[in-house]
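K.L.:
Fold the following, please.
(one chain, ligands or ions: 2)
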Amino acid sequence: MKKFNLVTLPGDGIGSEVVEGALKVLRTACKQHDIELNIQEFPFGGISFDKHGTPATDEAIEACKESDAVLLGAVGGEKWDHLTGADRPESGLLKLRSELEVFANFRPVKVYPELAHASTLKEEVISGVDILIVRELTGGIYFGKPRETNRSVDDPYSFDTMRYHQSEVERVAQKAFEAASTRNQTVCSVDKANVLGSSRFWRDTVIEFSKKYPEITLQHMLVDNCAMQLIRDPKQFDVVLTSNLFGDILSDEAAMLTGSIGMLPSASLGNGPGLYEPVHGSAPDISGQNKANPLATIASAALLCRYSLGLEQVAVEIEQAIQDTLSAGYRTGDIYTGSESETLTGTEEMCNQVLKALGEFNKAETA
Ligand code: IPM
Ligand code: MN
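P.N.:
Numbering: from 1, shown residues only. Ligands and ions are numbered 1, 2, ... in the order given. Predicted coordinates for the structure are as follows:
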């Protein structure tokens, strides 16, 4: 029997609801293949600040580093908005990403045919969209030094630094090119090279690095144009490679192609344990009400199986179960359009439907 050690960090708001559901799915899918999961859970984000005075305890970070993979819900919320610096829930997340050195953030944007009409965009524009955003995650303006806010001078000021080292650009570019070689052999590198020196450096570095992958077609696009093209003609994109800040913004935008940000999973990869989290936030407005869409977290659990545990088959089965649940018409509020074939469900029921689909999948296999 194969065994893996996982850490879960449910975090704040809807985080605990979606992680709980995703874990049930993950455990069931693994059990069907005789795989045992040893799971340790820690408070993280605002809830950890309330309990331990820090959003990320050393104990939690150490456990993550020693694990095979980490599944995280979401962090933050109004309750902790007054906090500054390292006390902020978001700082805990950035610290975790940095400590795990998960420099490449994969955000797959795939439109399920069943949800193509649920998007605010026209069905013919988005149906068939299959993009992989590869966002640099441990550098750039999120981490660059120096940074300062000075409110005690005549004209107060604040600045952050967008800095990229060649090695940082190369290692994330490598992940993007590797991913492209298993897809449509195209990488679109997104920057702001018409204005920013750091973007011109990013572009030059990617061009030089791309020589290692002659079979891959490399394109470049300015980030403002990319924001427009994602809405105008998203099907032109395959792998999008970009920096931390641009990737943050573009991935929220791209999420809406799928109908809801509640559908988007992510995998953050480095050379050690991977970090898996839904792209959505803690959604305090609906937390504790059994309304959250758990599918992004369930899909993140599938990515966890694929990239960190080497369990491709389990990943495929979880993804198929999500697909079957959508085909059967089950919808949380964010993807419900009121059509007759749809059944409005809560978080728990959605998870149960995925579990049911998993069971049926297994029965069909062995029949
Ligand atoms: C994300 C989030 C985070 C980010 C926040 C919560 C720090 O928006 O994962 O996209 O900006 O990276
Ligand atoms: Mn974001």
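
K.L.:
those helices in the stretch 101-250 of the chain, which residues are they?
P.N.:
123-126, 166-181, 197-210, 223-232, 244-255 (DSSP state H, counting those that start in this stretch).

K.L.:
any chance of those in CSV, plus distance to residue 322 and mean pLDDT?
P.N.:
Every residue, glycine included, has its C-beta placed from N, CA and C. Output for the helices of the stretch 101-250 of the chain, formatted as CSV (distance: least, CB to CB, whole Å; pLDDT from 0 to 100):
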stretch, distance to residue 322, mean pLDDT
helix 123-126, 18, 95
helix 166-181, 21, 98
helix 197-210, 33, 98
helix 223-232, 23, 98
helix 244-255, 16, 95
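
K.L.:
Please name whichever of those is nearest to residue 151.
P.N.:
Checking the helices of the stretch 101-250 of the chain against residue 151 by CB to CB gives helix 244-255 as the closest, at 23.4 Å.

K.L.:
Which residue, other than its chain neighbours, is closest to the most centrally placed residue in the chain?
P.N.:
The structure's the chain has its C-alpha centroid closest to residue 266; by CA atoms, centre = their mean the separation is 2.2 Å. In this structure, residue 266 finds its nearest non-sequential neighbour in residue 107, 4.8 Å apart by CB to CB, 6 or more residues apart in numbering.

K.L.:
Which residues are in contact with the one you found?
P.N.:
132-135, 247, 251, 254, 264-266, 279 (CB atoms under 8 Å, 6 or more residues apart in numbering).

K.L.:
so which of those is the most crowded?
P.N.:
residue 133 (29 neighbours; other CB atoms under 10 Å).

K.L.:
surely it meets residue 251?
P.N.:
Yes. With contact defined as CB atoms under 8 Å, residue 133 counts as touching residue 251 (5.0 Å).

K.L.:
tell me, what's touching those two both at once?
P.N.:
Common neighbours of residue 133 and residue 251 (CB under 8 Å, 6+ apart) are 107, 109.

K.L.:
show me which of the contacts of residue 107 neighbour ligand 1.
P.N.:
The subset of the contacts of residue 107 within reach of ligand 1, counting by CB under 6 Å from any ligand atom, consists of residue 279.

K.L.:
ok, the contacts of residue 107 vs residue 342, which is closest?
P.N.:
Closest to residue 342, out of all of these and judged by CB to CB, is residue 264, at 20.1 Å.

K.L.:
so which of the helices of the stretch 101-250 of the chain comes closest to residue 342?
P.N.:
Closest to residue 342 of the helices of the stretch 101-250 of the chain is helix 123-126 (CB to CB; 15.8 Å).

K.L.:
which residues are in contact with the closest one?
P.N.:
Contacts to helix 123-126, defined as CB under 8 Å, 6+ apart, come from residues 111, 116-117, 119, 231-235, 257-258.

K.L.:
Mind doing that once more with 10 Å?
P.N.:
For helix 123-126, contacts defined as CB atoms under 10 Å, 6 or more residues apart in numbering pick out 109, 111, 113, 115-120, 231-235, 256-259.

K.L.:
Quick one: low-confidence residue ranges for the protein.
P.N.:
For the chain, the stretches with pLDDT under 70 are 361-367.

K.L.:
Just the closest residue of the stretch 51-200 of the chain to ligand 1, please.
P.N.:
With CB to the nearest ligand atom as the measure, residue 90 is the residue of the stretch 51-200 of the chain nearest to ligand 1, at 3.8 Å.

K.L.:
residues near the closest residue in space to that residue that isn't next to it in sequence, how many?
P.N.:
Of all residues not flanking residue 90 in the chain, residue 76 sits nearest, at 5.6 Å (CB to CB, 6+ apart). For residue 76, the count of nearby residues is 23 (other CB under 10 Å).

K.L.:
Confirm that residue 76 lies within a helix, as I assumed.
P.N.:
No. With DSSP: H, G, I helix; E, B strand; the rest coil as the criterion, residue 76 is assigned coil and is not in a helix.

K.L.:
For the stretch 251-367 of the chain, which segments are assigned as helices?
P.N.:
Going by DSSP H, counting those that start in this stretch, the stretch 251-367 of the chain shows helices at 295-307, 312-327, 347-366.

K.L.:
Give me the angle between the longest one and helix 312-327.
P.N.:
Spelled out, that is helix 347-366. Counting by axes from the mean of the first three to the mean of the last three CA atoms, to 10 degrees, helix 347-366 lies at 120 degrees to helix 312-327.

K.L.:
Residues of the stretch 151-300 of the chain that sit close to ligand 1?
P.N.:
Residues of the stretch 151-300 of the chain lying close to ligand 1 (CB under 6 Å from any ligand atom) are 248, 279.
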